[in-house]
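**Q** Starting from these lines, generate the structure:
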Amino acid sequence: DDQELLDENFRFKVRNSPDFHGMTEEEAIADLRNRVQKYEEAYETIEDDSQSYIKIFNLSSKLLVNHIYGRMAKVIVPCLMSWNIGSRPVYLVRAGETMSSKHEEDPTKPRRVSRGDMLGPRGKHFRDLLEKFMVSEGNIFAQKSEDALKTAFAPRGRATGTSISGLASGIDLTLLLEADSKIEDLPFHIHIMSSTMPRAVETASWRTLPFKIEELPNLNPLDKGDYSGLELEEIRDIDPDWYAMLEKDSFFTRFPGGECYADLIHRLETCIIDMEQQVNMACCVSHVSVLQVLMAYFRRTPIRECTCIEVPMNTVIKYTPVTGGGWTESLHKVCNPQTLDCTDHDLSLVQGPITRTPIWGDHTTSSSSLLDSFDNENENEDCSVVYENICFP
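**A** Prediction:
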């Protein structure tokens, strides 16, 4: 019922849809209005309040919810309220490398990672380069946002985050920031989310970008219970029967006293809603198991296949909304492979053919990885896009 928003939406539609190729803008809008009129003639308004229904007004600016309970009220309604068509990117980052990736007694084995580990020298180097990358991305996003405001058809006074530009054009950005002169001087804002693990918080702590870090236990790595700190090979030797169950069904097999991947889905729902509702840049620093689930969400990958998604070290995984829905995924190597080892996990840590065994851990291994084919591409400290994929719904 917002005519200004409808006009803005019509213009966006005719400029981006191949259905109107060869028409002038006026002809295309007239054709679209005629289509909409025919749709409206066939639509039936739900007015029976004894039924369960959800009505969405003006790109989720308003929702009317009637007789909605249980999971629908807990998850679906917040999702509908959070989804917007803004152009803000979402960045997923694996926590930096800790003090040492080598086993103290056997250098050929990866070191057991403690939950309280801090970043090592290479992890701090990655953090510093990540900071430079985010500054560059922020400036680019700020310029695009400014250009979008200049061309937006909505009046400047309308305070909404659901316009075509995805910007709350009537809100002073500084009101959303903390009372810190360093932040107020920046032309962009980043919503930073991190697990409570020290290595993750330290990876997201940037001197020139002192944004508040939202530390969320929901983003903590998969709880391995009795096997916490052990590698898959060690678990296989200790409990071959349980390991066989993990090989058979890595998604639903729960670690003794811990979690399974299915449990991660439930505790990550609120985090996904938080990312989706942002109209500014969002950055999530977490760990392999959590990032696998998040990547499956943005890729629209069947969730049970998330356990075999590779999450490279020292790399930013960027998701950018595309016209018509879906996201463009791009991988950005932040560290020069000549100055910092960027090797990661194989699709499986188990010898032999690829299985459904999950990949988890925060150490690096000298194995082939998704980025192997891009090695030596980046001969300086500049970031480079090494992989890009469009993920449609």
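**Q** Poorly predicted segments of the stretch 1-150 of the chain, please.
**A** Within the stretch 1-150 of the chain, the ranges that satisfy pLDDT under 70 run 1, 100-113, 148-150.
**Q** quick one: the nearest residue to Glu259 once chain neighbours are set aside and Ser52, what's the gap?
**A** Take Glu259 and drop its neighbours on the chain: the residue closest to it by CB to CB, 6 or more residues apart in numbering is Asp223, 4.4 Å away. Glycine gets a C-beta too; all of them are placed from N, C-alpha and C. Distance of Asp223 to Ser52, computed by CB to CB, to the nearest Å: 36 Å.
**Q** thinking again about what came up before, check contacts around the residue nearest to Glu259.
**A** Asp223 sits next to 255, 258-259 when contact means CB atoms under 8 Å, 6 or more residues apart in numbering.
**Q** go on, Tyr243?
**A** By CB under 8 Å, 6+ apart, the contact set of Tyr243 is 232, 235-236.
**Q** Apart from its neighbours in sequence, what residue is nearest Cys271?
**A** Excluding its sequence neighbours, the residue lying closest to Cys271 (CB to CB, 6+ apart) is Asn218, at 5.3 Å.
**Q** count of neighbours near that neighbour?
**A** Here the number of neighbours of Asn218 (other CB atoms under 10 Å) works out to 18.
**Q** thought it was touching Thr270?
**A** Yes - under the criterion of CB atoms under 8 Å, Asn218 is in contact with Thr270, at a separation of 6.4 Å.
**Q** show me where the stretch 1-150 of the chain has helices.
**A** Per DSSP state H, counting those that start in this stretch, the stretch 1-150 of the chain carries helices over the ranges 3-16, 25-42, 70-71, 77-82, 121-151.
**Q** Of those, which is nearest Thr301?
**A** Thr301 lies closest to helix 77-82 among these, at 18.1 Å (CB to CB).
**Q** Name the residues of the closest one that are buried.
**A** Neighbour counts over helix 77-82 (16 or more other CB atoms under 10 Å) mark 78, 81 as buried.
**Q** and that helix, what other elements does it pack with?
**A** strand 53-57, strand 62-66, helix 261-276 (3 or more CB pairs under 8 Å, 6 or more residues apart in numbering; DSSP states H and E).
**Q** still on that earlier bit, between the helices of the stretch 1-150 of the chain, which gets nearest to Ser228?
**A** So among these, helix 121-151 is nearest, using CB to CB, at 20.6 Å.
**Q** Quick one: list the elements packing against that closest one.
**A** If you count contacts as 3+ CB pairs under 8 Å, 6+ apart, helix 121-151 packs onto strand 90-94, helix 198-203, strand 281-286, strand 315-321.
**Q** Now do the residue in the chain sticking out farthest from the centre against Asn34, distance only.
**A** Distance from the C-alpha centroid of the chain peaks at Glu41, with 39.8 Å (CA atoms, centre = their mean). Relative to Asn34, Glu41 is positioned 11 Å away (CB to CB).
**Q** Asp49 now?
**A** Noted for Asp49: a distance of 33 Å to Asn34, by CB to CB.
**Q** With Met313 instead?
**A** In terms of CB to CB, Met313 sits 54 Å off from Asn34.
**Q** For the two, indicate the residue with more neighbours.
**A** Between Met313 and Asn34, counting by other CB under 10 Å, Met313 is the more crowded of the two (28 against 10).
**Q** Tell me the secondary structure at the more buried one.
**A** Judged by DSSP: H, G, I helix; E, B strand; the rest coil, the three-state class of Met313 is coil.
**Q** I am assuming it contacts Thr98, so please confirm or correct that.
**A** No - contact criterion CB under 8 Å: Met313 and Thr98 do not qualify, at 11.3 Å.
**Q** That'll do, ta.
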